[in-house]
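J.: Need coordinates for the following:
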Amino acid sequence: MKVILTGGAGFIGSWVADALIADGHRVLILDDLSSGKEENIPKEAEFVKCDIRDRDALDGLFSDFKPDIVNHHAAQINVRKSVENPTLDAQVNILGSLNLLEISKRHRVKKFIFASTGGAIYGEPETIPVDERAIPLPISPYGVSKLSVERYLDYYNLVFGLEYVALRYSNVYGPRQNPHGEAGVIAIFCNRILEGQKCDIFGDGNQKRDYVFVGDLARANVLSLRAPVGIYNLGTGIEISVNDLINILVKATGIAANVHYLPYRAGEVQRIALDISKAGKMIGWFPEVSFEDGLTRTWNWYTKRKMV
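T.: The predicted structure is shown next:
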């Protein structure tokens, strides 16, 4: 199939590009390179530098490429930036997504796969691990914008018949994650330990997250090509505190971390883990990479980067 992949020069998007190409699909990557890097783009993919807010440019690209599938990963991904500038967050994440949906409808795209969030969309859920039936109560503009797009996906499906899959990611980590410009505490900690810098922890460090390896998510995107319409949590269901994360990283690397505690930041949830049973049942997806294995792979990647 022919797939337009937005954000394919980014951390997660580039892994998705690799997986789609390995599965035999033709991939056109659209990315404005505001956070993505050209070095992440697989040589087998086609690439056009494009901002998803530019509807005219998108329309021309869709006309030329004639995609079967749109896989939408381009986004403003930083929760803190969304709190500081909710207007920008909405312009990119809501209006940019609407551009893609309108053009997908016009060009009769068969399916729209959307990278949503499970880490921010639920807010502070009453039951953990939380499943897709829980009422989303996001506490950041980033979570609000992702939820808004999910509602638009429902609309375009019900009114125009555009099939969709929304993938609610938990906290993603792995090689290629930017330790400077993107969200991702594991990338930040690996980089700072290697550089002998302080590892900043916001709050008391007892906040818990569900960490999923990026390669597992890439595989889920391939499976989503044949998945029924719907919303799917993708994570591990396992809670790991930031303090525990530091301890595991120190044990795995043998390098002491200089931890620095700072005040809690607004917009960030205190505890989250995702129930992934629906994804297992409906699309046959389960995480395959353990946290310890994924952390080792990630650490080794950053270590090699420092040696170059």
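
J.: Where does pLDDT dip in the stretch 51-200 of the chain?
T.: For the stretch 51-200 of the chain, applying pLDDT under 70 flags the ranges 181-183.

J.: quick one: the strands in it?
T.: Taking DSSP state E, counting those that start in this stretch, the strands of the stretch 51-200 of the chain run over residues 69-72, 111-117, 163-169, 171-173, 198-202.

J.: so can I have a markdown table of the ones you listed showing mean neighbour count and distance to Val92?
T.: Glycine gets a C-beta too; all of them are placed from N, C-alpha and C. Below are the strands of the stretch 51-200 of the chain laid out as a markdown table (neighbours: other Cβ atoms under 10 Å; distance: least, Cβ to Cβ, whole Å):
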| stretch | mean neighbour count | distance to Val92 |
| --- | --- | --- |
| strand 69-72 | 26 | 12 |
| strand 111-117 | 25 | 13 |
| strand 163-169 | 24 | 17 |
| strand 171-173 | 24 | 19 |
| strand 198-202 | 17 | 24 |
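
J.: among these, which is nearest Ala227?
T.: Closest approach to Ala227 among the strands of the stretch 51-200 of the chain is made by strand 163-169 (5.1 Å; Cβ to Cβ).

J.: Given the closest one, what are its sheet partners and their directions?
T.: With DSSP bridges as the test, strand 163-169 is paired with strand 111-117 (parallel), strand 230-234 (parallel).

J.: Could I get the strands of the stretch 51-200 of the chain in TSV, plus columns for distance to Ile248?
T.: Shown next, in TSV, are those (distance: least, Cβ to Cβ, whole Å):
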stretch	distance to Ile248
strand 69-72	32
strand 111-117	24
strand 163-169	21
strand 171-173	12
strand 198-202	13
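
J.: Among these, which comes closest to Arg80?
T.: So among those, strand 198-202 is nearest, using Cβ to Cβ, at 9.5 Å.

J.: how about the CA coordinates for that closest one, as PDB?
T.: Listed next in PDB are the C-alpha coordinates belonging to strand 198-202 (Å, rounded to 0.1, in the frame of the first residue of the first chain):
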ATOM      1  CA  LYS A 198      22.400  16.600  37.000                       C
ATOM      2  CA  CYS A 199      19.300  14.500  36.400                       C
ATOM      3  CA  ASP A 200      16.400  16.800  37.300                       C
ATOM      4  CA  ILE A 201      13.300  15.200  38.800                       C
ATOM      5  CA  PHE A 202      10.300  17.400  39.100                       C
END
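
J.: who touches the very next helix or strand once past that strand?
T.: Later in the chain than strand 198-202, the nearest helix or strand by DSSP states H and E is strand 208-209. Contact with strand 208-209 is made by 119, 170-171, 185, 239-242, 245, 270-273, as judged by Cβ atoms under 8 Å, 6 or more residues apart in numbering.

J.: now, among the residues you listed, which is nearest to Gly205?
T.: Val242 (4.5 Å).

J.: Could you find the closest non-adjacent residue to that closest one?
T.: Spatial nearest neighbour of Val242, chain neighbours left out: Gly205 (4.5 Å); criterion: Cβ to Cβ, 6 or more residues apart in numbering.

J.: what's the answer for Arg265, then?
T.: Among residues not flanking Arg265 along the chain, Phe202 sits closest, at 4.8 Å (Cβ to Cβ, 6+ apart).
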